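Participant: Please work out how this folds:
(2 chains)
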Protein chains: 2
Amino acid sequence: MLLRTLHQPTLREAPKDAEVVSHALLVRAGFIRKAAAGIYTFLPLGLRALGKVKRVVREELERAGAQELLMPMVTPAELWQESGRWQKYGPELLRLKDRKDGDFCLGPTHEEVIVDVVRRDVKSYKQLPLNLYQIQTKFRDEIRPRAGLMRGREFLMKDAYSFDADEAGAMRAYQAMYDAYTRIFRRLGLDFRAVQADTGNIGGSLSHEFQVLASSGEDTIVSSDGSDFAANIEAVALPAPPAAVVGADAPTPRKVSTPDEKTIAEVCRTLGVAEDETIKAVAFDADGVPALAFVRGDREVNPVKVRKALGAGLVELADGAWFATKTGLSPGFLGPCGLAGVRAVIDAEVLAMPRAACGANESGFHLVDVVPVRDCAGLAVADLRMAVVGDPSPDGKGTLQVWRGIEVGHVFYLGTRYSAPMQATFLDESGREQPFVMGCYGIGISRILAAAIEQHHDDGGICWPVAMAPAEVIVLDLEKDGGERARTLYQGLLAAGVEAVLDDRDVRPGVKFADADLVGWPLQVVVGRRAAEGVVEAKVRAGGARVEVALDGLVTRVQAAIASARAGAALILPA
Amino acid sequence: MLLRTLHQPTLREAPKDAEVVSHALLVRAGFIRKAAAGIYTFLPLGLRALGKVKRVVREELERAGAQELLMPMVTPAELWQESGRWQKYGPELLRLKDRKDGDFCLGPTHEEVIVDVVRRDVKSYKQLPLNLYQIQTKFRDEIRPRAGLMRGREFLMKDAYSFDADEAGAMRAYQAMYDAYTRIFRRLGLDFRAVQADTGNIGGSLSHEFQVLASSGEDTIVSSDGSDFAANIEAVALPAPPAAVVGADAPTPRKVSTPDEKTIAEVCRTLGVAEDETIKAVAFDADGVPALAFVRGDREVNPVKVRKALGAGLVELADGAWFATKTGLSPGFLGPCGLAGVRAVIDAEVLAMPRAACGANESGFHLVDVVPVRDCAGLAVADLRMAVVGDPSPDGKGTLQVWRGIEVGHVFYLGTRYSAPMQATFLDESGREQPFVMGCYGIGISRILAAAIEQHHDDGGICWPVAMAPAEVIVLDLEKDGGERARTLYQGLLAAGVEAVLDDRDVRPGVKFADADLVGWPLQVVVGRRAAEGVVEAKVRAGGARVEVALDGLVTRVQAAIASARAGAALILPA
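Facilitator: Just a heads-up that it's a prediction; the model follows:
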């Protein structure tokens, strides 16, 4: 590539809506341009980076025995009705009508379509196992598209689907994909963790997310300092502490007037208790029905756990007025004692509290000296609290640490979640009809670009890992006479199989340096002042190490440095 | 690829809705599966064939200096409103609303989006010329999706857009794309013609279609037997023959009663004239307004020419009752004399008729002895007739022949059709703001598969040109003991860079032969009865030539045969 003709417009300023560094840098370096909220055009360099990621993904999936196909983006409602998701999937599923008033949606994922493809042609256990994948544009109508490629609406995804004859086979497929993902993200040069996760809209009973560690990540993940345990905070099952023992001297609840206390801190002051001696109530709208969740006052409620505890489909924080109207209860004075007419669940940790203060379910009053294990006996007990640093690890080894992560991959064990309702069956060895046992496996191809930048950048711009850089080496031609030397080096690199670009633009050296840093080519070779003497400068973008090197034989040395970097080693300066 | 594990379900029966052979064969051979009307999944082999086409397209476009990017499939209405196509584009444009009630459409083509991309970043003539392309899923909501990949709704397209500073530059870009297309279709092994064409929904002033010749083609094209002239029949401008000379003895029109004559033949019999001595009237609905077109009785009217002659947007055959109500005229008795209250155009050839019979615009009556050049003088004259075999070529050299074709590519000179209304401008050398001068260039990637099969098949199945076959050679293992020999040959071919597959399935030889023919691998090598003696059979799929060859050294000979076939030569048996 010659920068003189390449359409790669760089900008000095970040776009106003850029909340994260990857968004700002992808736009500034000329990788993407916004077409609408959460919808982007990939400019030539952006597409090249995508292509590099796709190649690694394809190689590792093929190695794991998966076969590529391509399903449509516009998918018919009938299939989604069969699985039940036409009704259940929220407004993220972009539904549309064709000119004949037929119902369709833009595929946010393709479980239904692949099950239809497979059930038509796979009839016998002899055709199993089968793992089919595609790399296709997806659409999810996010309510708040944000952060550039981190949470877009239209995005590029790799989705794979495994079909097996039994659970053991499906678990092998799951493990094979888990291993392939590990290889993929390692090859791409990302620092990541595979963590246990919630299954969300997809369903199924087991899943792992692959999270790229980055302080700007939307997800919170926890890991043990004493074992391999790691999970999305949404999914970490906290062990129940031992319930309190109710002694003979246990107090009796008393009602206290708290008419003017607006905040939890004010209530605590009036009642003379600490926050962790209170019970916090959080009101939810669970599939349109009011529900309450109780946790210890210093804890946060984990809505995913509340959804599971209630067996609900969609759980959101309730509007106070709506909740009051529906239940007759006063937000601000809610408590777990003597509740009636509303679904409620209580966190197991509350039952470990020897005594507690809480709302009295009467406007202007709180209760003190409540003994939860005795006084809240009627409520369903569950694990509802959000994990925090220092919580014991669920595997009993060590305590939890907390990280921020960007989800770039997700593997799901689905079982018969889709094959059973869609009657996707095969004949087993004894001639009996059985539903396929499935798994599904996603990688956010376009999101990986953002995640990589969040992890690999500095003040000057992007520092691409070699495996996903749009090209590996840039030759900066700084010679006044418009250099034959730079061009010869560039062509030599190309001939040696190195992905090279030549900055042959008629701009100031400062612009070339700044753009090269901004775009993030892994290795820069500056053909400048001393080129006539046979000396040029090489710089590794990540870290900024630089050295003067002889032009003679440089192609071979760069080739060797790039070859080992492609295989996963750190990029080192050609000596 | 090993056929034992490849997901490639072949079928004995064609699907019921298959109207053309490519549709039947693509489904039967396991290349595609229907998801909804005009919407298909590409199974692994279908995707591989697409990939082969994409590679050739990319190589030739890059060679021509075009740069690949990727625009979104979901595009915002605002851009289409700027160009005016939001209103003008018919129901083929699938409009949709997102969850916030914003208007979007699925891109059927991307002129608006690319103009927006370019106008934001290209400000100076120094950044020109520029040619950007993508390979992206497109959606056109066809009223009658049919014939499998020939006329789908969701399909894969390559679309390129050129931006130049002036018309001369734009014409160079047009020619470069024309040449690139010629190379592409030649490399793909297709028999095609580049023909002058109408510009339809896209607009602009000059265009050529690339038509693959096939009897099942939807398009009719004409070419001269005396020159290079070729055009889509919609676009061929027929020269006007000399108008008749009105002599002193010219007759006077007479009205004749024709109350019971239902057909043109009956009218001719009653009037005692031949069909080519009559004037045919065809009623149209032109943007909701009634209009009439007149041609010589033995001719067909070309609706595209009528649309242009009327300056209308959409022209369709009129419903008879609707036309009668709107105009007060009786269909069946329409004629060009004394018309009032309706738009009408007359074909230039009619004016060459010395005398003619036609409807009298009065129910139950016709006129005879009409002298059109005298009696129809008030009507607008245009070229309206459909070309037929034997018409003189518009370039004055030779006469026309007629073919059927499948449009696989289309190049358009757009000028400022989009850049002017969308205010996409740059500063020229003298610092003046100028609109970009554009061209656009499409290739129907997925339709090419269908077109290739229409041209390359026999009773046994597909005969892929080497350049787009999903793989080049199949090794059929027919040895009873499950052959090491076949596997060794297969692996040898792979190692030699030949795209090979091995049929290692546990099925009867007849099934392997039939499937190999059906799928259409260009070269078959049968490792069978005489393999132990070192002799196998090789067969070229297209034509069926076969020969027994020595296994020893076969890899090298197959490699050589494939190498020359890739370069465009006919595939010949390894000697």
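Participant: Phi, psi for the closest residue to chain B within the stretch 101-250 of chain A please.
Facilitator: In the stretch 101-250 of chain A, the residue that lies nearest chain B is A:D121 (3.7 Å; C-beta to the nearest C-beta). (C-beta placed from N, C-alpha, C; glycine too.) When read as degrees, to the nearest 10, the backbone of A:D121 gives phi -120, psi -10.
Participant: and the closest residue in space to it that isn't next to it in sequence, how many neighbours?
Facilitator: Nearest residue to A:D121 in three dimensions, chain neighbours excluded: B:P9, at 3.7 Å (C-beta to C-beta, 6 or more residues apart in numbering or on different chains). Neighbour count for B:P9, taken as other C-beta atoms under 10 Å in any protein chain shown: 18.
Participant: List the buried residues of the helix or strand of chain A with the lowest mean pLDDT.
Facilitator: Lowest by mean pLDDT, DSSP states H and E among the helices and strands of chain A is helix A:264-271, with a mean of 89. Residues of helix A:264-271 classed as buried by neighbour count (16 or more other C-beta atoms under 10 Å in any protein chain shown): A:267-268, A:270-271.
Participant: on contacts alone, who are the packing partners of that helix?
Facilitator: Where contact means 3 or more C-beta pairs under 8 Å, 6 or more residues apart in numbering or on different chains; DSSP states H and E, helix A:264-271 is packed against strand A:356-359, strand A:365-370.
Participant: Would you convert these into CSV that also reports distance to B:C358 and mean pLDDT?
Facilitator: Shown next, in CSV, are these (distance: least, C-beta to C-beta, whole Å; pLDDT from 0 to 100):
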stretch, distance to B:C358, mean pLDDT
strand A:356-359, 93, 93
strand A:365-370, 98, 92
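Participant: Make CSV out of these and add mean neighbour count.
Facilitator: Below are the helices and strands packed on helix A:264-271 laid out as CSV (neighbours: other C-beta atoms under 10 Å in any protein chain shown):
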stretch, mean neighbour count
strand A:356-359, 27
strand A:365-370, 21
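Participant: out of these, nearest to chain B?
Facilitator: Set against chain B and scored by C-beta to the nearest C-beta, the helices and strands packed on helix A:264-271 come closest in strand A:356-359, at 35.9 Å.
Participant: got the CA coordinates for that closest one in PDB?
Facilitator: Output in PDB follows, covering the C-alpha atoms of strand A:356-359 (Å, rounded to 0.1, in the frame of the first residue of the first chain):
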ATOM      1  CA  ALA A 356     -31.100  -5.700  61.600                       C
ATOM      2  CA  ALA A 357     -33.000  -2.500  60.900                       C
ATOM      3  CA  CYS A 358     -35.400  -2.200  57.900                       C
ATOM      4  CA  GLY A 359     -38.400  -0.500  56.600                       C
END
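Participant: Pull the distance from that strand to the chain's centre.
Facilitator: 37 Å (C-alpha atoms, centre = their mean, to the nearest Å).
Participant: One more: stretch A:348-360?
Facilitator: The answer for stretch A:348-360 is 35 Å, by C-alpha atoms, centre = their mean.
Participant: quick one: low-confidence ranges for chain A?
Facilitator: Counting by pLDDT under 70, chain A has low-confidence residues at A:199-204, A:482.
Participant: what domains does the record give for it?
Facilitator: Here the domain parsing of chain A from automatic domain parsing is A:21-237+A:401-454, A:254-382, A:471-566.
Participant: Pick the most buried one from those domains.
Facilitator: The highest mean neighbour count among these, using mean count of other C-beta atoms under 10 Å in any protein chain shown, belongs to domain A:21-237+A:401-454: a mean of 21.
Participant: How far away from the center of its chain is the longest strand anywhere in chain A?
Facilitator: The single longest strand within chain A, with elements called by DSSP state E, is strand A:400-415. Centre-to-centre, strand A:400-415 and its host chain are 7 Å apart (C-alpha atoms, centre = their mean).
Participant: Return the angle between stretch directions for whichever helix or strand comes after the least confident helix or strand of chain A and strand A:365-370.
Facilitator: Per DSSP states H and E, the first helix or strand lying C-terminal to helix A:264-271 is strand A:279-286. Angle of strand A:279-286 versus strand A:365-370, following axes from the mean of the first three to the mean of the last three C-alpha atoms, to 10 degrees, is 120 degrees.
Participant: The residue nearest to A:D121 in helix, strand or coil?
Facilitator: coil (DSSP: H, G, I helix; E, B strand; the rest coil).
Participant: That one: what's it in contact with?
Facilitator: A:120-122, B:30, B:43 (C-beta atoms under 8 Å, 6 or more residues apart in numbering or on different chains).
Participant: which outside residues touch stretch A:382-400?
Facilitator: Contact with stretch A:382-400 is made by A:222-227, A:229, A:231, A:233, A:236-240, A:293-296, A:299-302, A:305-306, A:308-309, A:345-349, A:401-402, as judged by C-beta under 8 Å, 6+ apart.
Participant: Report whether A:S22 is found in a strand, as I expect.
Facilitator: No - A:S22: not assigned to a strand; according to three-state DSSP it is helix.
Participant: picking that back up, quick check: the gap between the residue of the stretch 101-250 of chain A closest to chain B and B:V519.
Facilitator: A:D121 is 15 Å from B:V519, where distance means C-beta to C-beta, to the nearest Å.
Participant: right, and A:I445 touches A:V57 too?
Facilitator: Yes - between A:I445 and A:V57 there is a contact under C-beta atoms under 8 Å: 6.8 Å.
Participant: on that earlier part again, save the contacts of B:P9 as CSV, and put in distance to A:W86 too.
Facilitator: Below are the contacts of B:P9 laid out as CSV (distance: C-beta to C-beta, whole Å):
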residue, distance to A:W86
A:R120, 20
A:D121, 24
A:V122, 24
B:G30, 29
B:L43, 25
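Participant: A:F284 contacts A:V315, doesn't it?
Facilitator: Yes - counting by C-beta under 8 Å, A:F284 touches A:V315, with 5.3 Å between them.
Participant: Give the residues shared as contacts by the two.
Facilitator: Common contact partners of A:F284 and A:V315 (C-beta under 8 Å, 6+ apart): A:291, A:303, A:306.
Participant: Quick check, the last one in contact with A:D287.
Facilitator: Yep, that's A:V306 we're talking about. No - using C-beta under 8 Å, A:V306 is not in contact with A:D287; the gap is 11.8 Å.
Participant: show me where the stretch 401-550 of chain A has strands.
Facilitator: Assigned strands in the stretch 401-550 of chain A, in chain order: A:425-427, A:433-435, A:437-444, A:457-458, A:461-462, A:473-477, A:500-503, A:523-527, A:535-540, A:546-550 (criterion: DSSP state E, counting those that start in this stretch).
Participant: okay, the angle between the host helix or strand of A:R183 and strand A:437-444?
Facilitator: Using DSSP H and E, the element containing A:R183 is helix A:167-187. With the same axes, to 10 degrees applied, the angle from helix A:167-187 to strand A:437-444 works out at 10 degrees.
Participant: sorry, back to before: which two among the buried residues of helix A:264-271 are spaced furthest apart?
Facilitator: Distance extremes for the buried residues of helix A:264-271: the farthest pair is A:C268 and A:T270 at 7.4 Å, using C-beta to C-beta.
Participant: Quick check: bridge partners of the most centrally placed residue in chain A?
Facilitator: In chain A, the centroid-proximal residue (C-alpha atoms, centre = their mean) is A:E407; its distance is 1.8 Å. Assessed by DSSP bridges, A:E407 has beta-bridge partners A:Q211.
Participant: hang on, isn't it packed against A:I448?
Facilitator: No - here A:E407 does not reach A:I448: they are 10.6 Å apart, not a contact under C-beta under 8 Å.
Participant: Now A:A575. Nearest residue, chain neighbours left out?
Facilitator: Residue nearest to A:A575 in three dimensions, not counting chain neighbours: A:R557, with 6.6 Å by C-beta to C-beta, 6+ apart.
Participant: which bits of the stretch 151-300 of chain A sit near chain B?
Facilitator: Residues of the stretch 151-300 of chain A found near chain B (C-beta under 8 Å from any C-beta of the partner chain) are A:153-154.
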